[in-house]
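**Q** predicted model and sequence follow; I will ask about them next.
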Amino acid sequence: MIKASNVYKSKKLIKVSLTYCKENKLINSITITGDFFLYPEESLDHLESSLIGMKIDKSILRKTIDKALEQVDVFGFDTHSLTDAILGCLKPEQDSSGRGKR
Amino acid sequence: MKLIFEYEESNSGHLPDVSDDEELSNGQEKGLLPGLPSELIRKELPIPNVSEVDVVRHYSNMSRKNFGVDIGFYPLGSCTMKYNPKINEDIARLEGFTHLHPHSDESCNQGSLQLMWKLEQYFNNLTGMDAFSLQPAAGSQGELLGVMIAKAYYKQKREKRTKIIIPDSAHGTNPATASMCKFETITVKSDSRGNMQLSDFKQSLEEDVALVMLTNPNTLGLFEEKILEISDLAHDNGSLMYCDGANMNAMLGIARPGDQGFDLIHLNLHKTFSTPHGGGGPGAAALGVKNHLVDYLPLPRVKNKENNFVLDYTKRKSVGRTRYGYGNFGMLVRAYAYLMSWGSDIRKISEHAILNANYLCSLLKDDFELYYDRRCAHEFVLSSRNLGQKSALNIAKRLMDYGYHPPTIYFPLIVPEALMIEPTETESKSTLDEFAAALKSIANEIKEKPELVSGAPYTRPVGRMDEVTAARKPNLRWQKITRTEDQKEK
């Protein structure tokens, strides 16, 4: 299991901290923090749990995030920027300050 | 008093008239509205057309008609309407707290997380519990969370328990919470000393009792004398003990509910820990539990890992969130500041609260009836039964003319014509003397000029109200008062 995190500048700042399986790149745990806003607030929990078990792959992530953000008002990021923020965790130069499961 | 919408038309002329300006409605640049698209320009501006001076006077005068702990003595029993130290407001307004973002990374919030963790440790020490959740947004929500935890606990143990024992002196929220969680309530009577009647309790303690919900000291302001025996009986039956911490102001640094056998407690921060009382504003509560119930608390939990404060989202048996985020954080800061300001002297809060209540009670018990003649804790309940029917209501209304907020009346239900008085620790001897003199004076007025008291209040913006109609058919919509020519001349 690999711990990784990535700070991504969208309209607002997004920090993604996750753990994933090295072999199949499936997300084991993920925490999304930053100075963005979501309404309803509970949708952040839903977004994070819907990403668990997903492969870190551009099209899979986009599809998952799109679905999780249906009926959600988001200010500060969108599907594309969050996807890029998660993909950024795969970069070798990332720090390893990932945290536990939310 | 007029509403801001009711100022005379003659006062108008303070706002630009946009409706008649063709150029503006066409979206062209002019004056105050440069280049706004025409669809965004309002044709009307339905706000009061009054000058700055009138606005300031209106709201200043309105605020002077309000009453609160910063205006005068507020002896509302069972509510602990205590002084809100102004230093709390300064601390809560520090930028590090006010600029917090709910989704920010915990590495950016270490100070705030430390405050929450330390506050939890203080609550553990004060109550004898093992862990607290600071998430509930009100005392009632804390109580709901506690009962939900009890329900989840028995579900996990696969025990079918459907009943909650509540004494007849309890707050109304106790049976209401039980009902919300689909428990059946068993009411146990009080004995001649104001305690829960032990024989009745033993009889009610059946196998399917999940919780025994007690307020200690109870709403009569009396310490439950057989609390240890009650706890032992409940635990032997496999039931949990729940403490409604509404009256914790009487026990700080003196006694701990955890040591009395309670398994759960909610603390109302606006009662015992000096945060401002509701009125529509944010409330806050803390729900404390013993070790065997810690896994059921809401997530996240603040953990201290070698002075690195982290939010633990590990799901164990949590009943889920009661509120998004970490509770009403500004209230937690105020409670923390209050605790810090007292430090190791915290026992003095309760000592002074108890002293004030007993002093005031001793001044009044010869003029009114003291139903349970025992040394009280932080509050006491008098009966004005000797002054006739509706006397408690009349006294409450007349007190407003004397400049006092009335005490709680007709509660607890077991005392006829009840006047429930809680002075709190912050009131001076002279305030208590003056209040007692006012109550004695009203008692004399009832005897000598009963019609004077039954028509009170006379000095308030609103006179005697029909409270039943006000409650059942509330008129909550503003309607413009159209005055006839005759009324205008008058």
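**A** Happy to help now that I have it.

**Q** okay, CA-based contacts and neighbour counts for the rest of this
**A** Noted.

**Q** all strands of chain A, in order?
**A** A:2-9, A:13-20, A:27-34, A:37-39, A:73-75 (DSSP state E).

**Q** do chain B as well
**A** Under DSSP E, chain B gives strands at B:131-133, B:163-167, B:184-188, B:209-215, B:240-244, B:264-268, B:285-289, B:301-305, B:308-312, B:369-370, B:380-383, B:408-409, B:418-421.

**Q** let me have those in a markdown table, extended by distance to chain A.
**A** As requested, the strands of chain B are exported to a markdown table (distance: least, CA to the nearest CA, whole Å):
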| stretch | distance to chain A |
| --- | --- |
| strand B:131-133 | 17 |
| strand B:163-167 | 32 |
| strand B:184-188 | 32 |
| strand B:209-215 | 31 |
| strand B:240-244 | 29 |
| strand B:264-268 | 25 |
| strand B:285-289 | 21 |
| strand B:301-305 | 11 |
| strand B:308-312 | 8 |
| strand B:369-370 | 51 |
| strand B:380-383 | 44 |
| strand B:408-409 | 38 |
| strand B:418-421 | 41 |
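
**Q** got those strands as a markdown table, with distance to A:I60 columns?
**A** As requested, the strands of chain B are exported to a markdown table (distance: least, CA to CA, whole Å):
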| stretch | distance to A:I60 |
| --- | --- |
| strand B:131-133 | 37 |
| strand B:163-167 | 49 |
| strand B:184-188 | 49 |
| strand B:209-215 | 47 |
| strand B:240-244 | 48 |
| strand B:264-268 | 45 |
| strand B:285-289 | 41 |
| strand B:301-305 | 32 |
| strand B:308-312 | 28 |
| strand B:369-370 | 73 |
| strand B:380-383 | 66 |
| strand B:408-409 | 61 |
| strand B:418-421 | 64 |
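
**Q** returning to what we had before: with respect to burial, which of the strands of chain A scores highest?
**A** Greatest average neighbour count among the strands of chain A goes to strand A:13-20 (a mean of 23), per mean count of other CA atoms under 10 Å in any protein chain shown.

**Q** which helices and strands does that strand pack with?
**A** If you count contacts as 3 or more CA pairs under 8 Å, 6 or more residues apart in numbering or on different chains; DSSP states H and E, strand A:13-20 packs onto strand A:2-9, strand A:27-34, helix A:79-87.

**Q** generate JSON lines for the ones you listed, with distance to chain B as supplementary columns.
**A** What follows is the helices and strands packed on strand A:13-20, written out as JSON lines (distance: least, CA to the nearest CA, whole Å):
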{"stretch": "strand A:2-9", "distance to chain B": "11"}
{"stretch": "strand A:27-34", "distance to chain B": "5"}
{"stretch": "helix A:79-87", "distance to chain B": "15"}
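
**Q** so which of those gets nearest B:K449?
**A** Closest approach to B:K449 among the helices and strands packed on strand A:13-20 is made by strand A:27-34 (67.7 Å; CA to CA).

**Q** could you give the angle of that closest one to helix A:79-87?
**A** 120 degrees (axes from the mean of the first three to the mean of the last three CA atoms, to 10 degrees).

**Q** count of neighbours near the residue of the stretch 251-400 of chain B found nearest chain A?
**A** Ranking the residues of the stretch 251-400 of chain B by distance to chain A (CA to the nearest CA) places B:Y313 first, at 4.8 Å. Applying other CA atoms under 10 Å in any protein chain shown, we find 15 residues neighbouring B:Y313.

**Q** point out where chain A drops to low pLDDT.
**A** Flagging of chain A using pLDDT under 70 yields the residue ranges A:92-102.

**Q** and the biggest helix by length in chain A, what's buried?
**A** Using DSSP state H, we find that the single longest helix of chain A is helix A:58-68. Within helix A:58-68, the residues that qualify as buried by neighbour count (16 or more other CA atoms under 10 Å in any protein chain shown) are A:L61, A:R62, A:T64, A:I65, A:A68.

**Q** out of the residues you listed, which are close to chain B?
**A** Near chain B, judged by CA under 8 Å from any CA of the partner chain, there are no entries from the buried residues of helix A:58-68.

**Q** hang on, the earlier thing: hmm, B:L297 and the residue of the stretch 251-400 of chain B closest to chain A touching each other?
**A** No - the pair B:Y313 / B:L297 is not scored as a contact, 11.0 Å apart, by CA atoms under 8 Å.

**Q** what sits against the closest residue to B:Q135 other than its chain neighbours?
**A** In space, and not counting its chain neighbours, B:Q135 is closest to B:G327: 3.9 Å by CA to CA, 6 or more residues apart in numbering or on different chains. Listed by CA atoms under 8 Å, 6 or more residues apart in numbering or on different chains, the contact set of B:G327 reads B:L134, B:Q135, B:P136, B:A137, B:A284.

**Q** tell me the pLDDT of the first one.
**A** At B:L134 the predicted local confidence, pLDDT, stands at 96.

**Q** now swap in the fourth one and tell me
**A** At B:A137, the model reports a pLDDT of 91.

**Q** do you know how far it is from chain A?
**A** Separation of B:A137 from chain A (CA to the nearest CA, to the nearest Å): 16 Å.
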